[in-house]
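A.B. asks: okay, sequence plus prediction incoming.
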Amino acid sequence: YRAELKSTREAREAARFLLLKAPLPMLAKGPYAILSATAVASLPVWARIPLRLPYLPIAEATGVRFAGHALMRGLRWVTN
């Protein structure tokens, strides 16, 4: 789908809403922030640039990846 992706105002607004303004209870905001940062970290750079998403390779390789794995392990533990 790479050739079909476009950087539109609507696409950037949707990304901003999902990443920063999702209507969640206060208790869910922390885990959601970790989950969304992990999702952004999994995107290739060519997909981030049109949406104006940050690329922080050192932070993503260490903190974000670790936090995402820890969150997923916790969710798996809770759901078993």
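C.D. replies: Yep, it's here. Numbers count the residues shown, from 1 in each chain.
A.B. asks: among the helices and strands of the chain, which has the poorest mean pLDDT?
C.D. replies: One helix or strand of the chain scores below all others by mean pLDDT, DSSP states H and E: helix 57-59, with a mean of 83.
A.B. asks: ok, the closest residue in space to residue 50 that isn't next to it in sequence - contacts?
C.D. replies: Distances taken as CB to CB, 6 or more residues apart in numbering place residue 7 nearest to residue 50, at 3.4 Å, with adjacent residues excluded. Glycine gets a C-beta too; all of them are placed from N, C-alpha and C. Counting by CB atoms under 8 Å, 6 or more residues apart in numbering, residue 7 makes contact with 49-52.
A.B. asks: still on that earlier bit, after the least confident helix or strand of the chain, which helix or strand is next? Please name it.
C.D. replies: Downstream of helix 57-59, the next assigned helix or strand under DSSP states H and E is helix 65-79.
A.B. asks: any idea which element the one residue sitting closest to the centre of the chain lies in?
C.D. replies: By CA atoms, centre = their mean, the chain has its centre lying nearest to residue 36, at 2.6 Å. Following DSSP H and E, the helix or strand that holds residue 36 is helix 26-41.
A.B. asks: now do that helix against helix 65-79, angle only.
C.D. replies: Angle of helix 26-41 versus helix 65-79, following axes from the mean of the first three to the mean of the last three CA atoms, to 10 degrees, is 130 degrees.
A.B. asks: what residues sit buried inside helix 26-41?
C.D. replies: 32-38, 40-41 (16 or more other CB atoms under 10 Å).
A.B. asks: same question, stretch 60-78
C.D. replies: Buried, per 16+ other CB under 10 Å, within stretch 60-78: 60, 64, 67-68, 71.
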